[in-house]
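Visitor: sharing a model prediction with you, sequence too.
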Amino acid sequence: MFAKPFIIIGAGPAGLIAAETIAAAGGKVRIYDAMPSPARKFLMAGRGGLNLTHSEPLDRFIGRYGAARPLFDRLIRSFTPADLRDWCHGLGVETFVGSSGRVFPKEMKASILLRAWLRRLAGLGVELHPRHRWVGWTAAGALRLAGPAGEVTTDGAAAVILALGGASWPRLGSDGGWAELLRGRAVPLAPFRPSNSGFDVRWSAGLRERAEGMPLKRITVTFRDRTVPGELVITAHGLEGGPLYALSAPLRDAIERDGEAEILLDLKPDLTVSQVQNRLARVPPADSVANRLRKALSLNPPVGALLREGAGDADLTRSMCVASLLKSLPIKLSGMQGLERAISTAGGIRLTALDDGLMLKDMPGIFACGEMLDWEAPTGGYLLQGCFASGIAAGKTALRYAAGH
């Protein structure tokens with residue numbers, strides 16, 4: 001049906017699903033990737049169970065994409081979380097919904113899904129060429145790729161899809177090096193910024209020594225008018241965990257603007273201030289803070305250390321003071337961990353540089369998808385869903401473009 005091959009640069013989820021979309025429609029596909037093997041960041045994500053998507057109502061789901069919602073409203077309604085689960089089932093990988101509403105493969109492993117996926121792609125005739133890095137442009141405007149056997153170009157391709165990822169976890173292949181190549185062609189780019197990353201807190205040496213690596217379970221984190229439940233981990237540099245990832249965009253923006261951002265921790269969200277105070281009052285005030293918290297509220301040692309860190313002049317022998325702090329403990333975030341430690345990135349190709357089919361407006365026949373676009377979403381399945389949905393959209397519009405040329 002298509003005389004010319006489609007070329008995809010990048011073998012992460014967005015690139016692989018674009019390849020499947022095109023190959024299933026009869027197109028010949030060649031995938032080039034700089035790494036020795038495909039989908040390395042995808043496999044790394046699978047170490048935590050591979051959170052594929054989320055089961056919440058679709059309107060709420062789409063709202064997680066913030067400023068990029070207009071684009072993802074269209075993309076995700078065309079490939080919904082239910083469609084992603086059906087796709088997994090078609091590969092022989094069953095999924096389940098966890099207690100948080102997140103969706104996982106039953107085996108909780110990315111490697112099983114990836115092996116089945118690569119077998120399907122091979123059966124569709126998709127060629128995978130590892131160790132090929134995009135290095136520039138030919139005089140005619142084709143893309144140049146340096147590989148083990150020399151240079152290849154995209155000259156004569158039916159269409160080209162860029163799916164090179166963002167700039168987080170560079171050792172897994174997403175190093176953002178492609179940005180300079182596009183900038184040299186005047187493609188509008190937003191600067192890379194960390195997303196879904198830990199935050200810095202100026203802990204005292206004593207707290208780091210006593211509490212580093214310890215969890216804060218079943219808490220809530222509030223920033224301004226948003227409250228997110230979950231768990232955090234105290235680290236040497238500050239705090240990490242799902243609630244902060246969900247709030248990472250506004251927290252990052254506040255730190256960039258004001259130099260810091262203050263969050264409030266509710267360390268006992270299932271109880272009111274009065275209930276916390278009454279339970280504390282039953283324990284002799286002569287006991288240490290840690291013992292009072294353990295006996296009255298079953299709170300583990302890091303909480304006592306946190307209270308001492310943030311109490312200031314508060315009298316921690318008084319139940320009312322301790323109860324108030326437990327329900328609204330202020331923590332000042334002084335910075336955000338960098339791109340090399342971020343789960344994902346904001347920034348990349350500005351959405352205004354793309355037409356409705358994800359084709360670069362000033363580069364006919366070249367499409368882009370996945371994390372290299374300027375969008376962000378919290379963890380919880382929204383990142384992978386966005387990559388899959390944009391990859392499928394790019395594949396479909398590349399097919400339509402090639403059919404008309």
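Guide: Perfect, I can see it now.
Visitor: so what sits opposite the most centrally placed residue in the chain in the bridge?
Guide: The centroid of the chain falls nearest to residue 344 when counting by C-alpha atoms, centre = their mean (4.3 Å). Beta-bridge partners for residue 344, by DSSP bridges, are residue 195.
Visitor: wait, it touches residue 195, no?
Guide: Yes: under the criterion of C-beta atoms under 8 Å, residue 344 makes contact with residue 195 at 4.8 Å. The C-beta positions use only the backbone N, C-alpha and C, and glycine is treated the same way.
Visitor: in the longest helix seen in the chain, what counts as buried?
Guide: The longest helix of the chain (DSSP state H) is helix 382-403. If you call a residue buried by 16 or more other C-beta atoms under 10 Å, then helix 382-403 has these buried ones: 382-399, 401-402.
Visitor: other SSEs contacting that helix?
Guide: helix 13-24, strand 53-54, helix 69-78, helix 81-90, strand 159-162, strand 366-368 (3 or more C-beta pairs under 8 Å, 6 or more residues apart in numbering; DSSP states H and E).
Visitor: how far off centre is that helix?
Guide: Put simply, helix 382-403 sits 18 Å off its chain's centre (C-alpha atoms, centre = their mean, to the nearest Å).
Visitor: and the helices in the stretch 51-200 of the chain?
Guide: 58-62, 69-78, 81-90, 110-123, 178-183 (DSSP state H, counting those that start in this stretch).
Visitor: these: which one's closest to residue 259?
Guide: Ranking those by proximity to residue 259 (C-beta to C-beta) places helix 178-183 first, at 26.9 Å.
Visitor: so for that closest one, what gets flagged as buried?
Guide: 178-179, 181-182.
Visitor: widest-spaced pair of these?
Guide: For those, and using C-beta to C-beta, no pair is farther apart than 179 and 181, which are 7.3 Å apart.
Visitor: low-confidence ranges in the stretch 301-405 of the chain?
Guide: Applying pLDDT under 70 to the stretch 301-405 of the chain picks out residues 312-314.
Visitor: tell me which helix or strand in the protein has the weakest average pLDDT.
Guide: helix 301-310 (a mean of 84; mean pLDDT, DSSP states H and E).
Visitor: list the buried residues of that helix.
Guide: So, applying 16+ other C-beta under 10 Å, buried residues of helix 301-310: 302-310.
Visitor: over to stretch 133-153?
Guide: So for stretch 133-153, counting by 16+ other C-beta under 10 Å, buried means 133-134, 142-145, 152.
Visitor: what does stretch 266-282 give?
Guide: Taking 16+ other C-beta under 10 Å as the criterion, stretch 266-282 shows 266-268, 271, 276-277, 279-280 as buried.
Visitor: mind checking the helices and strands packed on helix 382-403 for the one nearest to residue 356?
Guide: Of all those, the one in closest proximity to residue 356, counting by C-beta to C-beta, is helix 69-78 (8.0 Å).
Visitor: now tell me what touches that closest one from outside.
Guide: Here helix 69-78 makes contact (C-beta atoms under 8 Å, 6 or more residues apart in numbering) with 58, 61-63, 65, 351, 375, 385-386, 389-390, 392-393.
Visitor: put the alpha carbons of it into PDB.
Guide: What follows is helix 69-78, C-alpha atoms only, in PDB (Å, rounded to 0.1, in the frame of the first residue of the first chain):
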ATOM      1  CA  ARG A  69      -5.500  19.700  28.400                       C
ATOM      2  CA  PRO A  70      -7.000  20.900  25.100                       C
ATOM      3  CA  LEU A  71      -4.600  18.600  23.200                       C
ATOM      4  CA  PHE A  72      -4.900  15.600  25.500                       C
ATOM      5  CA  ASP A  73      -8.700  15.900  25.700                       C
ATOM      6  CA  ARG A  74      -8.700  15.000  22.000                       C
ATOM      7  CA  LEU A  75      -5.900  12.500  22.100                       C
ATOM      8  CA  ILE A  76      -7.100  10.500  25.100                       C
ATOM      9  CA  ARG A  77     -10.700  10.400  24.000                       C
ATOM     10  CA  SER A  78      -9.300   8.700  20.900                       C
END
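Visitor: let's test this: mean pLDDT of it, rounded?
Guide: The average pLDDT for helix 69-78 rounds to 98.
Visitor: by how many degrees do that helix and helix 81-90 diverge?
Guide: For helix 69-78 against helix 81-90, the angle by axes from the mean of the first three to the mean of the last three C-alpha atoms, to 10 degrees is 40 degrees.
Visitor: residue 330 in helix, strand or coil?
Guide: Here residue 330 is strand, with the state taken from DSSP: H, G, I helix; E, B strand; the rest coil.
Visitor: can you name the residues bridging to it?
Guide: On the basis of DSSP bridges, residue 330 is bridged to residue 264.
Visitor: out of the helices of the stretch 51-200 of the chain, which gets nearest to residue 3?
Guide: Counting by C-beta to C-beta, residue 3 lies closest to helix 110-123 out of the helices of the stretch 51-200 of the chain; the figure is 21.0 Å.
Visitor: quick one: buried residues of the closest one?
Guide: By neighbour count on 16+ other C-beta under 10 Å, the buried set for helix 110-123 is 110, 112-114, 117-118, 120-121.
Visitor: and the residues you listed, which is closest to residue 90?
Guide: Nearest to residue 90 among the buried residues of helix 110-123, counting by C-beta to C-beta, is residue 120 at 8.5 Å.
Visitor: how about the contacts made by the closest one?
Guide: Per C-beta under 8 Å, 6+ apart, neighbours of residue 120: 20, 91.
Visitor: what distance do you get for it to residue 107?
Guide: Here residue 120 is placed at a distance of 17 Å from residue 107 (C-beta to C-beta, to the nearest Å).
Visitor: residues near residue 221, how many?
Guide: 25 (other C-beta atoms under 10 Å).
Visitor: state the phi and psi torsions of the residue nearest to it when sequence neighbours are not counted.
Guide: In this structure, residue 221 finds its nearest non-sequential neighbour in residue 243, 3.8 Å apart by C-beta to C-beta, 6 or more residues apart in numbering. Dihedral angles of residue 243 (phi, psi; degrees, to the nearest 10) stand at phi -60, psi -40.
Visitor: count of neighbours near residue 243?
Guide: 25.
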